[in-house]
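Trainee: Build me a model:
(4 chains)
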Number of protein chains: 2
Amino acid sequence: MTQDGRRLRGLRSREAILEQAVALASVEGLDGLSLGRLAAATGTSKSGFFAHWRDKEQLQLDAVEWAVRQWADRVVAPAMAAPAGVRRLFALHEARLRFYDEGVLPGGCFFFTVQAEFDDRPGLVRDRVARAMREWQEFIRRHVAQAVAQGELAESVDPAQLAYEIDALGEMVVVHSRLHDGPVSLVHARRAVLQRLRALCPDPTLLPED
Amino acid sequence: MTQDGRRLRGLRSREAILEQAVALASVEGLDGLSLGRLAAATGTSKSGFFAHWRDKEQLQLDAVEWAVRQWADRVVAPAMAAPAGVRRLFALHEARLRFYDEGVLPGGCFFFTVQAEFDDRPGLVRDRVARAMREWQEFIRRHVAQAVAQGELAESVDPAQLAYEIDALGEMVVVHSRLHDGPVSLVHARRAVLQRLRALCPDPTLLPED
DNA sequence: TACATTAACGACCGATCGGTTGTATATCTG
DNA sequence: CAGATATACAACCGATCGGTCGTTAATGTA
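Mentor: Below is the predicted model:
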């Protein structure tokens, strides 16, 4: 099971296809994305996919996996540079907004599109997406709880409640910025969370003023 | 142009089809919804649609129009019973949450699904949806401004900023409640806006405590 | 009554969908 | 080297897509 020569090439094209799949799915969704168009976009043939994936659902599942890794690399990892507590929590929010602002994915956010697509449709893809979103929510919640434990957020704070607010305010940027406000929604989303955190933080100097 | 007999029947079935279209589109989107399935759901024939609409896009545009009217009837109108100011603003938020909670539409929210579907796709449908969302945002903004003018919200409040927050916190209930939290997200969304408004309101007794 | 209009339908069209099959070939493994 | 394995492809399949056409019957209008 060494990874060189033929097998390495397979892995490379596999990764390239998944990257394209995630990018296209951020625009058209995982189901809206057709194998024919994906083949055209990657410069391969449609039937070649079935050497890598049993069917479309398997490709969709791997695309979700790829998007989770991308999110970990491009959003979570950079935020970890900030010191634990309320600063890291806000860094997480800012890293997400930067991800949207930089246009890493043509559709803005893979997970936003895919959530809206699969929230009503049972199946393996829905389950995988739900797990990813639950883990992300839980991740924010843990950071809130840690900030509370460090005394950087008021003890009255309900972690699940605040995590919902931070996530909702960040996520709705995707559609607002694309459909009406443009970059203004980024400012709104940033300021909303910033002021919320400052109001709950005994030492507001930990956070920027604006 | 009298409306009886044949023409009335036409109008009736037209409305019935649009109602079904909005309901189905709240789940599968306006494009994901196929004419064949819509025909089956309404008990009519596919080709019969083209007596009412030139093509699918025209039906989609009318479906958006129908959904706007439904939103006005089921969310906006009931909230108008509350006295103008911060109470009406919160009533608007609660009416929206009630709309989701009651399961009026099988997919939760027509506009959420359709926004996610069309935010990246140019065309008449996108433009119509964008206008509807802009008007809704503007509607909330005006109510915030009025509450400020009445002295029921602090003068430091930026109406566009607060409108974004209220809308985002309300909208994300749709996917959160369906994908992970269930009814808990309704509590989070309600409490988030309530506490935010109470903090900004010189007379918090205008609003419920919890 | 005569005629245009409208609602509604079944049959059918080309295009595209996800997926199958058979084949050619390059690469690993014994 | 020999045989199993893996990559990739063109050709093709039935199903479904949005949409057209021709027809029938009920209705509105002159």
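Trainee: Quick one: the helices in chain A, in order.
Mentor: With helices called from DSSP state H, chain A shows them at A:5-28, A:35-42, A:56-71, A:77-79, A:86-101, A:110-118, A:124-149, A:159-171, A:173-179, A:184-200.
Trainee: quick one: is the longest one near chain B?
Mentor: Yes - with CB under 8 Å from any CB of the partner chain as the threshold, helix A:124-149 lies in contact with chain B, specifically through A:126, A:129-130, A:133-134, A:137. In short, each C-beta sits where N, CA and C put it, glycine included.
Trainee: Can I get these in CSV including pLDDT?
Mentor: What follows is these, written out as CSV (pLDDT from 0 to 100):
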residue, pLDDT
A:Arg126, 98
A:Val129, 98
A:Ala130, 98
A:Met133, 97
A:Arg134, 97
A:Gln137, 98
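Trainee: Among the residues you listed, which one sits closest to DNA strand C?
Mentor: Minimum distance to DNA strand C across the residues of helix A:124-149 next to chain B is 15.8 Å, recorded for A:Arg126 (CB to the nearest atom of the strand).
Trainee: Now do the same contact list for the nearest residue to the closest one once chain neighbours are set aside.
Mentor: In space, A:Arg126 comes closest to A:Phe118 once its chain neighbours are excluded; the distance is 4.3 Å by CB to CB, 6 or more residues apart in numbering or on different chains. Applying CB atoms under 8 Å, 6 or more residues apart in numbering or on different chains, we find A:Phe118 in contact with A:30, A:125-126, A:129.
Trainee: low-scoring stretches of chain A, by residue?
Mentor: Confidence mapping of chain A against pLDDT under 70 gives the ranges A:1-10.
Trainee: what about the residue nearest to A:Ala16 when sequence neighbours are not counted, how many residues close to it?
Mentor: Taking CB to CB, 6+ apart, and ignoring the residues beside it in sequence, A:Ala16 has A:Thr42 as its nearest neighbour in space, at 6.3 Å. When neighbours are counted by other CB atoms under 10 Å in any protein chain shown, A:Thr42 registers 18.
Trainee: Surely A:Glu19 touches A:Trp66?
Mentor: Yes - between A:Glu19 and A:Trp66 there is a contact under CB atoms under 8 Å: 6.9 Å.
Trainee: more crowded one of these two?
Mentor: For A:Glu19 against A:Trp66, the residue with the higher neighbour count under other CB under 10 Å is A:Trp66, and the figures read 19 against 15.
Trainee: distance of that one from DNA strand D?
Mentor: Note on A:Trp66: its distance to DNA strand D, by CB to the nearest atom of the strand, to the nearest Å, is 16 Å.
Trainee: Same check on A:Ser45?
Mentor: Shown here: A:Ser45 relative to DNA strand D, a distance of 4 Å by CB to the nearest atom of the strand.
Trainee: Repeat that for A:Val22.
Mentor: Going from A:Val22 to DNA strand D by CB to the nearest atom of the strand gives 18 Å.
Trainee: count of neighbours near that residue?
Mentor: 24.
Trainee: In chain A, which residue is most central in space?
Mentor: Nearest to the centroid of the C-alpha atoms of chain A, with distances taken as CA atoms, centre = their mean, sits A:Trp71, at 4.8 Å.
Trainee: Pull the contacting residues for it.
Mentor: Applying CB under 8 Å, 6+ apart to A:Trp71 gives the contacts A:99, A:111, A:136.
Trainee: so which of those comes closest to A:Leu89?
Mentor: For the contacts of A:Trp71, the minimum distance to A:Leu89 (CB to CB) is 13.5 Å, reached by A:Trp136.
Trainee: how many other residues sit next to that closest one?
Mentor: A:Trp136 - counted by other CB under 10 Å - has 21 other residues nearby.
Trainee: what's in contact with stretch A:172-186?
Mentor: A:97, A:100-101, A:108-109, A:112, A:188-189, B:115-116, B:119-120, B:126, B:129-130, B:133-134, B:137, B:160, B:164, B:167-168, B:171-172.
Trainee: And that stretch, end to end?
Mentor: Using CA to CA, to the nearest Å, the gap from the first to the last residue of stretch A:172-186 comes to 10 Å.
Trainee: Next, the buried residues of that stretch.
Mentor: Under the neighbour-count criterion of 16 or more other CB atoms under 10 Å in any protein chain shown, stretch A:172-186 has A:172-181, A:185-186 buried.
Trainee: residues touching the closest residue to A:Gln70 other than its chain neighbours, list them.
Mentor: With sequence-adjacent residues excluded and distances taken as CB to CB, 6+ apart, A:Gln70 is closest to A:Val22, at 6.8 Å. With contacts defined as CB under 8 Å, 6+ apart, A:Val22 is in contact with A:63, A:66-67, A:70, A:105, A:110.
Trainee: Tabulate these (TSV), appending distance to A:Phe49.
Mentor: What follows is these, written out as TSV (distance: CB to CB, whole Å):
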residue	distance to A:Phe49
A:Ala63	12
A:Trp66	15
A:Ala67	18
A:Gln70	20
A:Leu105	21
A:Phe110	19
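Trainee: of those residues, list those near DNA strand C.
Mentor: The subset of the contacts of A:Val22 within reach of DNA strand C, by CB under 7 Å from any atom of the strand, is empty.
Trainee: Looking at those, which one is closest to A:Glu209?
Mentor: Proximity of the contacts of A:Val22 to A:Glu209 (CB to CB) peaks at A:Leu105, which lies at 31.2 Å.
Trainee: pretty sure the closest one contacts A:Ala23?
Mentor: Yes - using CB under 8 Å, A:Leu105 makes contact with A:Ala23 at a distance of 5.6 Å.
Trainee: In terms of neighbours, single out the busier of those two.
Mentor: When neighbours are counted by other CB under 10 Å, A:Leu105 comes out ahead of the other of A:Leu105 and A:Ala23, with 23 against 19.
Trainee: Thank you, goodbye.
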